[in-house]
Each structure stands twice: as C-alpha cells, then as structure tokens.
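Asks: Generate a structure from the sequence data that follows.
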Amino acid sequence: MKKFDLNIEKVLEHWTIPHALREIIANALDESNLTNTKEPLIFKDEDNKWHIKDFGRGLKYEHLTQNENMEKTDNPDKVIGKFGVGLKDAMATFDRRNVKILIQSKYSDITIKKLSKGDFDDVVTLHAIVNEPTHPNMVGTDFMFTGLKDDDIGKAKDFFLLYSGEKTVEKTKYGELIENKKNRSRIYVNGICVAEEDNLLFSYNITSTTKKLRQSLNRERTNVGRSAYTDRVKSILLECNSPTFAEKLVDDLQRIQTGNYHDELQWIDVQLHACKILSSQEKVMFLTAYDLMDGGKYLSYAKEEGIRIITVPDSLANKLETSKDLKGNNFRNLETYALEWNEQFEFDIVNVIKLTTKEREIFNYKDTIVSWFPKKINPVNDIVISETMRPDNYTGSDALGLWEPFTKRIIIKRSQLKNVQSFAGTLVHELVHAHTNTDDNTIEFESELTEMLGRLSTFILETSKPEKSKSILRRLINKQKV
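Replies: Residues are numbered from 1 along each chain as shown. Okay, here's the model as predicted:
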C-alpha cells in the first residue's frame with residue numbers, strides 16, 4: 001500500500017455530488033476522444049453500486065497530481081477537462097458527502113482516506129491509498145461508487161449534451177446549433193454545460209474555443225460569463241444555413257416590434273443572415289410596419305401570388321436595401337415588388353369602337369384638351385383607354401391615369417369616362433407630366449402644374465367666351481386639388 005497526499009487546500013464546498021460526478025464523466029469522455037475508444041459506460045451493478053467506466057489507457061496515480069496534462073492542453077477543442085484538476089476536487093467532494101470511491105485500472109486500485117500529513121500528526125489531509133491492481137489485465141478505468149443515489153447520476157449526466165436528449169439542428173466549424181426543447185438555453189463547450197441562459201432561442205455546443213473562453217473555463221466550470229462565449233455563439237449563427245434555423249430565427253424576428261424576442265436577435269448581422277437564408281429558399285417580401293399600412297393593392301397582389309410577408313424593423317430594412325441573399329439576388333421589398341409587378345402588368349386597352357356612345361362623346365374632347373398645351377412641344381403620341389390600371393405608387397389604389405415616357409402615350413382608366421370633368425381633369429394631369437417630365441408629390445411637379453394652369457387659364461380666357469372660360473377653369477382647378 002502506498003499513500004499519496006492529494007494536497008487539497010481549498011475545497012469547493014458548494015459542490016454537490018452531481019458536480020463531482022460530472023468531473024469523472026468528463027475525464028472518461030476525454031479519454032474516449034483522445035484514444036478513439038468506445039463511449040464510456042455508466043451503469044449500476046448487482047450490488048447497487050454505480051460505475052463510470054472508460055476503455056482508454058487506464059488511470060495512474062500520477063494523474064492525481066494537480067498538473068496540466070500536456071496531451072489535453074495540446075488538444076483544447078477535443079477534450080473537456082485536465083486530469084488532476086477536476087478529479088481532485090471531485091474526490092474531496094465525495095469524501096465530504098460520504099460517498100465511497102474505488103478506482104480500478106491495470107496499474108492500481110485507488111481509494112481515498114483522511115490521514116495525517118507526513119510527520120505532522122496535527123494536520124489531516126485527504127490521501128489516495130494506492131494498492132496493487134485487482135485486475136492487472138483490465139482495459140480502461142472503472143470508477144466504482146458506494147452511497148450514490150440514482151438521482152445523483154441523473155443530474156450528473158444532465159450536464160452533458162451526449163446524455164441530454166437535445167437535438168443538433170446544424171453543425172458548423174465553430175460548433176453546433178442545438179434545438180431548445182426543454183425551455184432552457186445552454187452553452188456547452190465540447191459537450192459539457194458551462195452556462196445556462198434565460199432568453200436564448202437556441203442552445204450551443206462550442207467545439208472551437210477562443211483563448212478568452214478557455215481562460216474563463218474556471219475550476220468550477222459553471223456560470224461562465226456571457227462575454228466569454230458571445231463571439232463563438234455569433235460565429236455559429238452566421239455559419240448556419242438550414243431551413244429549421246432560418247425559420248425559427250425569422251419567426252422570432254417578427255416579434256421585435258412587440259419586444260418579445262430572444263437575445264440572438266439583438267445582433268443585426270444575425271437578423272440579416274436569417275433573411276438571406278429565407279430569401280434564398282422561398283418567395284418572401286420584407287416590409288416595415290409602415291409598409292404594411294401603406295402597401296395598398298400591392299400587398300394583396302403579393303399574397304395572391306403566394307409571397308410570404310415578413311415584417312422587419314427599419315434598421316434591418318435599410319441593411320436589406322444594400323445587401324443580397326445567398327444566391328446573389330436583391331431582397332424583395334415593397335418598392336422592388338411594385339417594379340416587378342408593373343413590368344409584368346398588361347393593360348386591357350379598349351378599342352374606341354367598343355366604347356358606349358356617351359363614352360365616345362367624352363373621349364372625343366381629348367384633341368381639344370391637348371390643343372390647350374403648347375404646340376411646339378408635343379411629347380404625346382397617343383391617348384388610350386384601359387379597362388385595368390396599375391396601382392398608384394402613392395395611394396396603393398388603381399391609378400386613374402398614367403403617362404408612359406417610353407411609349408409616349410397617356411393611358412386613362414375607363415371609369416374616368418363617366419363624365420367630362422373626370423376625363424378632362426385626369427387627362428390634363430397626365431399632360432402636365434408629359435410636358436414637364438416631373439413626378440407626382442414633388443415640388444417640381446407642383447410648380448410646373450401651377451405654371452401650366454396659369455398658361456391654360458390665359459389661353460382659355462383669350463380664346464373662349466368669359467362664361468364658358470370660367471366654367472372650364474373652375475372644373476380644372478377643382479380636379480387638380482383631388
């Protein structure tokens with residue numbers, strides 16, 4: 001028999017038995033990973049004693065020294081712990097909690113006991129008692145416990161992703177995205193839980209650690225601060241591109257307006273990444289809350305086409321305007337959809353002979369109205385009537401008239417032929433666009449319209465009878481106020 005002083009000065013008094021078992025399981029899993037041997041066994045024997053057994057190289061008493069194992073140090077992203085650090089803490093916890101332990105390998109049988117420290121009888125420390133091996137041909141290491149409860153093992157296993165029953169959504173070079181089905185968000189490092197979060201959408205298993213994170217994996221390996229792993233969580237998210245990931249993130253994205261969203265959505269580049277994935281996979285249109293209120297008929301058209309409407313905050317909408325999805329396409333918003341729809345729209349032009357007698361009488365005033373405008377500049381080649389019209393860009397309702405610069409024609413909705421006032425007002429409005437090349441709701445258009453009305457007023461006053469001129473002018477001015 002040999003006595004090995006564990007030299008434990010500071011005991012982690014708040015550690016429970018599951019915390020101690022966690023260290024044993026972690027070391028067993030590390031050995032399995034380093035030696036490429038089968039998964040450790042966790043079982044209870046016929047004598048109601050629990051075992052944690054790996055199939056690696058076997059534990060030596062030297063592993064009980066509190067030194068970093070160089071093999072583990074050189075493979076930080078392949079293992080969880082370091083022999084000698086958590087193991088000694090675990091053995092002290094078992095002793096304090098009255099759990100007896102026997103460690104067997106081909107090298108020795110090891111138990112623990114409190115003994116005087118060397119020649120100092122008044123100083124009692126925890127020692128490992130090292131005996132000759134019971135099984136010199138044994139493969140691996142077997143930790144045998146007396147006094148454990150089944151619940152202790154269950155709680156210990158719950159620290160590990162392997163035994164949690166949680167599903168991996170996607171794997172990346174930085175780690176794994178884990179589906180959150182237990183109403184808890186966890187941060188794992190190489191499969192062991194180091195922190196729990198209240199408001200994350202997913203759980204994460206970080207397999208590529210940073211120096212900052214490794215330094216933060218303290219002796220206790222619990223409650224690691226968020227700042228230590230935030231960068232890696234973000235990196236995992238930006239590497240993911242599965243439909244499940246995008247769907248959950250976009251669903252959560254639409255809760256931003258109500259404030260009921262998860263913390264991942266605080267990062268605008270994560271929001272943008274989710275939109276990139278979704279836009280690459282299905283027909284979607286990204287709208288702000290204002291767009292939803294102001295979209296008019298275009299929203300109805302989009303829904304009829306089966307386009308999914310996604311509500312996004314203004315800050316993200318601005319990002320989308322200058323970004324492309326994963327396929328290199330522009331994002332569809334209200335403006336781009338309107339352009340798409342208008343390019344595909346076909347007018348239902350009505351042949352003049354199919355107009356009613358009254359409609360033809362009103363339509364025949366077009367030449368008279370055109371003559372009011374300067375003859376030296378006549379940009380209009382044709383004036384036609386259409387049964388259907390594109391939505392107005394400002395109201396969302398069907399436009400009453402339209403000036404097409406590329407075809408040099410004015411199109412007027414058939415319903416405007418209901419009376420002379422409606423037809424004349426609409427035609428004058430579009431003629432102003434044609435002659436001035438300005439857009440609605442602009443200062444330039446208002447200025448040109450005012451000037452044009454002045455010219456028309458002068459023309460009418462000079463060429464018509466006073467009573468008739470006053471009547472025509474009044475109708476024109478009233479129409480432009482609409």
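Asks: So which bits of stretch 272-292 are buried?
Replies: 272-281, 284-288, 291 (16 or more other Cβ atoms under 10 Å). Just so you know, the C-beta spots here come from the backbone N, C-alpha and C atoms, and that holds for glycine as well.
Asks: could I get it in PDB with only the CA atoms?
Replies: This file holds the C-alpha atoms of stretch 272-292, laid out as PDB (Å, rounded to 0.1, in the frame of the first residue of the first chain):
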ATOM      1  CA  LEU A 272     -29.600  39.900 -41.900                       C
ATOM      2  CA  HIS A 273     -28.200  36.400 -42.200                       C
ATOM      3  CA  ALA A 274     -31.600  34.800 -41.400                       C
ATOM      4  CA  CYS A 275     -33.200  37.000 -44.100                       C
ATOM      5  CA  LYS A 276     -30.500  35.900 -46.600                       C
ATOM      6  CA  ILE A 277     -31.300  32.200 -46.000                       C
ATOM      7  CA  LEU A 278     -35.100  32.700 -46.100                       C
ATOM      8  CA  SER A 279     -34.900  34.800 -49.300                       C
ATOM      9  CA  SER A 280     -32.800  32.100 -51.000                       C
ATOM     10  CA  GLN A 281     -35.200  29.400 -50.100                       C
ATOM     11  CA  GLU A 282     -38.700  30.800 -50.800                       C
ATOM     12  CA  LYS A 283     -40.600  33.800 -52.200                       C
ATOM     13  CA  VAL A 284     -40.700  36.400 -49.500                       C
ATOM     14  CA  MET A 285     -41.200  40.200 -49.200                       C
ATOM     15  CA  PHE A 286     -39.600  42.100 -46.400                       C
ATOM     16  CA  LEU A 287     -41.700  45.000 -45.200                       C
ATOM     17  CA  THR A 288     -41.500  47.600 -42.300                       C
ATOM     18  CA  ALA A 289     -44.600  48.300 -40.200                       C
ATOM     19  CA  TYR A 290     -45.100  51.500 -42.200                       C
ATOM     20  CA  ASP A 291     -45.000  49.500 -45.500                       C
ATOM     21  CA  LEU A 292     -47.800  47.200 -44.100                       C
END
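Asks: what is the mean pLDDT for that stretch?
Replies: Confidence for stretch 272-292, expressed as mean pLDDT, is 89.
Asks: Please compute how far that stretch lies from its chain's middle.
Replies: Stretch 272-292 sits 11 Å away from the centroid of its parent chain (Cα atoms, centre = their mean, to the nearest Å).
Asks: Which helix or strand lies directly C-terminal to the helix or strand containing K88?
Replies: Counting by DSSP states H and E, the element that carries K88 is helix 86-96. Helices and strands here follow DSSP H and E; after helix 86-96, the next one along the chain is strand 100-104.
Asks: partner strands of that following strand, parallel or antiparallel?
Replies: strand 109-117 (antiparallel), strand 142-146 (antiparallel) (DSSP bridges).
Asks: Could you list the buried residues of that strand?
Replies: Neighbour counts using 16+ other Cβ under 10 Å place 101-104 of strand 100-104 among the buried residues.
Asks: What lies in contact with that strand?
Replies: Contacts to strand 100-104, defined as Cβ atoms under 8 Å, 6 or more residues apart in numbering, come from residues 59, 91, 94, 109-112, 133-135, 138, 141-147.
Asks: Would you mind checking the residues you listed for buried ones?
Replies: Looks like those have 59, 91, 94, 109-112, 133, 138, 141-145 buried, using 16+ other Cβ under 10 Å.
Asks: In TSV, list the residues you listed along with pLDDT and distance to Y229.
Replies: Below are these laid out as TSV (pLDDT from 0 to 100; distance: Cβ to Cβ, whole Å):
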residue	pLDDT	distance to Y229
L59	92	30
M91	89	29
F94	93	30
D109	95	40
I110	94	35
T111	94	38
I112	90	34
P133	96	41
M138	96	38
T141	97	30
D142	97	34
F143	97	30
M144	98	35
F145	97	32
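Asks: shaky segments in the stretch 51-200 of the chain?
Replies: Where the stretch 51-200 of the chain drops to pLDDT under 70, the residues are 66-85, 119, 122.
Asks: where exactly do the helices run in it?
Replies: Remark: helices assigned in the stretch 51-200 of the chain by DSSP state H, counting those that start in this stretch are 70-73, 86-96, 150-157, 161-164.
Asks: Now do the second one and strand 100-104, the angle between them.
Replies: Using axes from the mean of the first three to the mean of the last three Cα atoms, to 10 degrees, the inter-axis angle of helix 86-96 relative to strand 100-104 is 140 degrees.
Asks: May I see the buried residues of helix 86-96?
Replies: For helix 86-96, by 16+ other Cβ under 10 Å, it's 86-95.
Asks: Let me know the closest of the buried residues of strand 100-104 to K327.
Replies: Closest to K327 out of the buried residues of strand 100-104 is I103 (57.0 Å), distances taken as Cβ to Cβ.
Asks: In contact with Y174, which residues?
Replies: Counted by Cβ under 8 Å, 6+ apart, Y174 has contacts 206-208, 232, 235-236, 239.
Asks: try 7 Å this time
Replies: Going by Cβ atoms under 7 Å, 6 or more residues apart in numbering, Y174 touches 206, 208, 232, 235-236, 239.
Asks: Kindly report the same for R255.
Replies: Each residue near R255 by Cβ under 7 Å, 6+ apart is listed here: Y261.
Asks: what about 8 Å?
Replies: 261, 265.
Asks: follow-up on the earlier one: now rank the contacts of Y174 by neighbours and give me the top one.
Replies: I236 (26 neighbours; other Cβ atoms under 10 Å).
Asks: per-residue confidence at it?
Replies: pLDDT for I236: 96.
Asks: neighbours around the spatially closest residue to V350 that is not a sequence neighbour, how many?
Replies: The shortest distance from V350 to any residue other than its chain neighbours is 4.7 Å, reached at I385 (Cβ to Cβ, 6 or more residues apart in numbering). I385: 23 surrounding residues under other Cβ under 10 Å.
Asks: Take the buried residues of helix 86-96 and write them to JSON lines, including distance to L461.
Replies: Shown next, in JSON lines, are those (distance: Cβ to Cβ, whole Å):
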{"residue": "G86", "distance to L461": "99"}
{"residue": "L87", "distance to L461": "104"}
{"residue": "K88", "distance to L461": "106"}
{"residue": "D89", "distance to L461": "101"}
{"residue": "A90", "distance to L461": "103"}
{"residue": "M91", "distance to L461": "108"}
{"residue": "A92", "distance to L461": "106"}
{"residue": "T93", "distance to L461": "103"}
{"residue": "F94", "distance to L461": "108"}
{"residue": "D95", "distance to L461": "111"}
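Asks: Among those residues, which one sits closest to F202?
Replies: Ranked by distance to F202 (Cβ to Cβ), those are led by G86 at 27.2 Å.
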